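sequence first, then the predicted structure, then my questions.
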Amino acid sequence: SLMRALRRFERTAYSSASHIVVISTSFAENLLAKGVSREHISRIFNPATLPVQAQACGDRQVDEQLVLTMGNIGHTQNLVHVTRAFEASPELAVLGARFVLAGDGVAGSDVRAAITTDRVEVTGVVGRDRLERYLKATAVAVVSQQYDGVDFNVPSKLMNFMAYGLPTVAAVRPDSEVARIIRESGAGWVTSSSGDAELSTQLVRALTDRSERALRGSRALQFARANFAPEVIAEQFESVLEQVTERHRSARTVTRP
């Protein structure tokens, strides 16, 4: 069958490769489970697509009522649920918290239909300048996901939120790659992708605890500088290429008569 042929092709590609670079830890674990040697795998994250900033949120003036998500508004982002949870929270209403979704997508009309207050806004696609103004003013970012299966990718919005030193509330599966990065970096909080009360409660805590926001924003920026900056990623790829080249050079030296 086609699937068997594809699996054979996949195994052949892995076994013939000198080295494999993956973009997430979950991808590396998947390859290990398929018999790929750990020494032949390197994890290099995708880079932030916006410049890594000099300051985290705790070092600049922010709008302490502003919660932001951005990018594609698709079905797997689960933003109808996030919108309803946000608007249903009386605590967030008392705080005057506002939720801005800077972007659009196939589920954009569903999210707009779910909005019942003026505290939630879907902006549509915005230009770079406006997006950067949102990022610099935001107190707390949100990344949300809801789907079945193994996830290898990380939404680029997380890299960019962290590059701006923003603490992030991640409404995702606890075993997801997003949750792994948030926990490893200390850059935010992980909540259930389906629990309304848990999500809104965590947003309230994040918005009202300025010092904790500053701490987690600082950790986010530190992690982004070490892992998501384009120059760092270029250096990591260069290191992998040097290792592979040296390994092949050594192998030719050993086998030369």
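Now that the structure is in, tell me what you want to look at. Everything numeric here is computed off the predicted structure, so don't read it as measured data.

show me the strands in this structure, by range?
Applying DSSP state E to the chain gives strands spanning 20-22, 41-43, 66-72, 98-104, 120-122, 140-144, 168-171, 188-191.

so which elements touch the third one?
If I follow you right, that is strand 66-72. Contact here means 3 or more CB pairs under 8 Å, 6 or more residues apart in numbering; DSSP states H and E; on that basis strand 66-72 packs against helix 79-88, strand 98-104, helix 128-137, strand 140-144, helix 156-163. C-betas here are computed from N, CA, C, even on glycine.

scan the protein for its longest helix.
The single longest helix within the chain, with elements called by DSSP state H, is helix 230-255.

dump the helices and strands packed on strand 66-72 into CSV; add mean pLDDT, distance to residue 13 and mean neighbour count as well.
Formatted as CSV, those follow (pLDDT from 0 to 100; distance: least, CB to CB, whole Å; neighbours: other CB atoms under 10 Å):
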stretch, mean pLDDT, distance to residue 13, mean neighbour count
helix 79-88, 95, 36, 22
strand 98-104, 98, 34, 22
helix 128-137, 97, 37, 15
strand 140-144, 97, 31, 27
helix 156-163, 97, 26, 25
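
coming back round to it: which among the strands of the chain is found nearest to residue 112?
strand 120-122 (5.4 Å; CB to CB).

the closest one pairs with which strands?
strand 98-104 (parallel) (DSSP bridges).

okay, angle between the strand it pairs with and strand 66-72 too, please.
Interaxial angle of strand 98-104 relative to strand 66-72 (axes from the mean of the first three to the mean of the last three CA atoms, to 10 degrees): 10 degrees.
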